[in-house]
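Trainee: structure for the following, please:
(one chain, ligands or ions: 2)
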Amino acid sequence: MKPFAYTRAETVADAVAALAASPGAQFLAGGTNLVDLMKYDVAHPEAIVDINPLPLKEIEALADGGLRIGALASNSAVAYDDRVQARFPLLASAILAGASPQLRNAATTGGNLLQRTRCPYFYDPSTPCNKREPGSGCAAIGGLTRMHAILGASDKCIAVHPSDMCVALAALDATVEVVGPDSARDIAFTDFHRLPGDTPHRDNILERGELVTGIRLEANHFAGHSTYLKLRDRLSYAFALVSVAAAMEIADGRIIDLRVTLGGVAHKPWRDPLAEAEFAGAPAEDETFRQVADRLLLEARGQGGNDFKIPLARRAIVRALRQAASGTPQSQTIKAIQ
Ligand SMILES: Cc1cc2nc3c(=O)[nH]c(=O)nc-3n(C[C@H](O)[C@H](O)[C@H](O)COP(=O)(O)OP(=O)(O)OC[C@H]3O[C@@H](n4cnc5c(N)ncnc54)[C@H](O)[C@@H]3O)c2cc1C
Ligand code: SF4
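Mentor: Ligands and ions are numbered 1, 2, ... in the order given. The predicted structure follows:
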């Protein structure tokens, strides 16, 4: 047991100030990832700033038909919110594909964005890991790579971001609201997480001391044609091998607007808006969906143990787009399983 200081912040300003006051401090939200990392001897915060008293649990309707989700809204509260289910079923479905009911009750929206990779070597302090200890090497390269990246990896790190919720938020072009010691800013969701490059210890572009306060979603026309498809080793309580958030606006059988984001394949939710734009006007049919898959996976490279992910992702993209085009209901958003 390593001792740490513990404070509860009552206001956003207090939380940000408390973190700035201690270089080794970390925010605590639901604790479902941070506390595990402390137990595994991977995270050693000198101080914990508990942000649970902050007034950031609300889900508010915005004038344009969008929603603002407070950073402390639990994953369950978001997934079962009537407005989320009606306007953003893709998000509800992605959240419900993750973890377990107990975990989703505790886990928060902000914490889900900031959760760390599930690379097994990252959780094992006896192995080299550039993400845990910069410059120490990467035990995954040449090791067991079943869960690792096929897109955007570097020779320093081949880990993937494990979130389901974030895959949907990237597809929906969400905005992350952030407050720091000196100012507040908005970050486009697709810019929030980063690729590993030479600095894999940085998962995202947050500066030291910045607090995520909420997520904004603008109104869109995707509710009737969206799907979250997650493929994994078990039917529940497992991280994605490959997941696909697919959303389309369709008129007269043709694609007006297309969104495809992949999870489980890269250090961040993988989206390519330029590739999506190439399919505007194309018929919403299997041949187009196969072309979308080929285009998105053009640069995909396996690491040996995860080569199977490339054909798996190709088939998953086609299936998700087919389901989205035909308006297949999102069975996982049914309230009865709450
Ligand atoms: C067994 C298990 C299975 C899981 N399966 C899945 C799955 O299938 N899919 C999936 O998506 N997730 C899964 N999860 C992950 C789970 O969703 C995350 O642990 C959870 O979302 C983290 O939220 P939290 O509020 O508990 O964060 P915490 O553990 O409290 O914090 C996580 C990190 O975020 C930081 N942080 C928290 N809130 C903020 C904020 N507002 N601003 C800035 N920094 C902040 C903390 O300092 C910490 O570094 C699983 C977790 C477990 C334990
Ligand atoms: S893949 Fe990344 S997280 Fe995993 S061991 Fe290598 S550096 Fe660490």
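Trainee: what is the burial count for Ala219?
Mentor: 14 (other C-beta atoms under 10 Å). To be clear about C-beta, it is placed using only N, CA and C from the backbone, and glycine gets the same treatment.
Trainee: skipping adjacent residues, who's closest to Lys268 in space?
Mentor: Distances taken as C-beta to C-beta, 6 or more residues apart in numbering put His193 closest to Lys268, at 3.4 Å, once the chain neighbours are dropped.
Trainee: helices of the stretch 1-150 of the chain, start to end?
Mentor: Per DSSP state H, counting those that start in this stretch, the stretch 1-150 of the chain carries helices over the ranges 12-21, 34-39, 75-79, 82-87, 89-96, 101-106, 109-114.
Trainee: any chance of the ones you listed in a markdown table, plus distance to Pro134 and mean pLDDT?
Mentor: Below are those laid out as a markdown table (distance: least, C-beta to C-beta, whole Å; pLDDT from 0 to 100):
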| stretch | distance to Pro134 | mean pLDDT |
| --- | --- | --- |
| helix 12-21 | 21 | 96 |
| helix 34-39 | 16 | 97 |
| helix 75-79 | 30 | 98 |
| helix 82-87 | 38 | 96 |
| helix 89-96 | 31 | 97 |
| helix 101-106 | 29 | 97 |
| helix 109-114 | 18 | 98 |
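Trainee: those: which one's closest to ligand 1?
Mentor: helix 109-114 (2.2 Å; C-beta to the nearest ligand atom).
Trainee: that older thread, quick one: the residue nearest to Lys268 and Arg271 touch, right?
Mentor: No: counting by C-beta atoms under 8 Å, His193 does not reach Arg271; the two are 10.6 Å apart.
Trainee: neighbour count: those two, which is higher?
Mentor: Per other C-beta under 10 Å, whichever of His193 and Arg271 has more neighbours is His193, with 23 against 20.
Trainee: OK, contacts around that one?
Mentor: Taking C-beta atoms under 8 Å, 6 or more residues apart in numbering, we find His193 in contact with 113, 161, 166, 203-205, 267-269.
Trainee: do you know how far Ile158 is from ligand 2?
Mentor: 5 Å (C-beta to the nearest ligand atom, to the nearest Å).
Trainee: contacting residues for that residue?
Mentor: So Ile158 contacts 138, 140-141, 145, 148-149, 196, 303 (C-beta under 8 Å, 6+ apart).
Trainee: give me the three-state assignment for it.
Mentor: With DSSP: H, G, I helix; E, B strand; the rest coil as the basis, Ile158 sits in coil.
Trainee: cool, and Val178?
Mentor: strand.
Trainee: hang on, the earlier thing: is the residue nearest to Lys268 bridged to anything, and to what?
Mentor: Beta-bridge pairing for His193 (DSSP bridges): Asn204.
Trainee: from the contacts of Ile158, which two are the most distant?
Mentor: Using C-beta to C-beta, the contacts of Ile158 reach their maximum pairwise distance at Thr145 and Pro196, which is 14.3 Å.
Trainee: before I go, just wanted to say thanks for your time.
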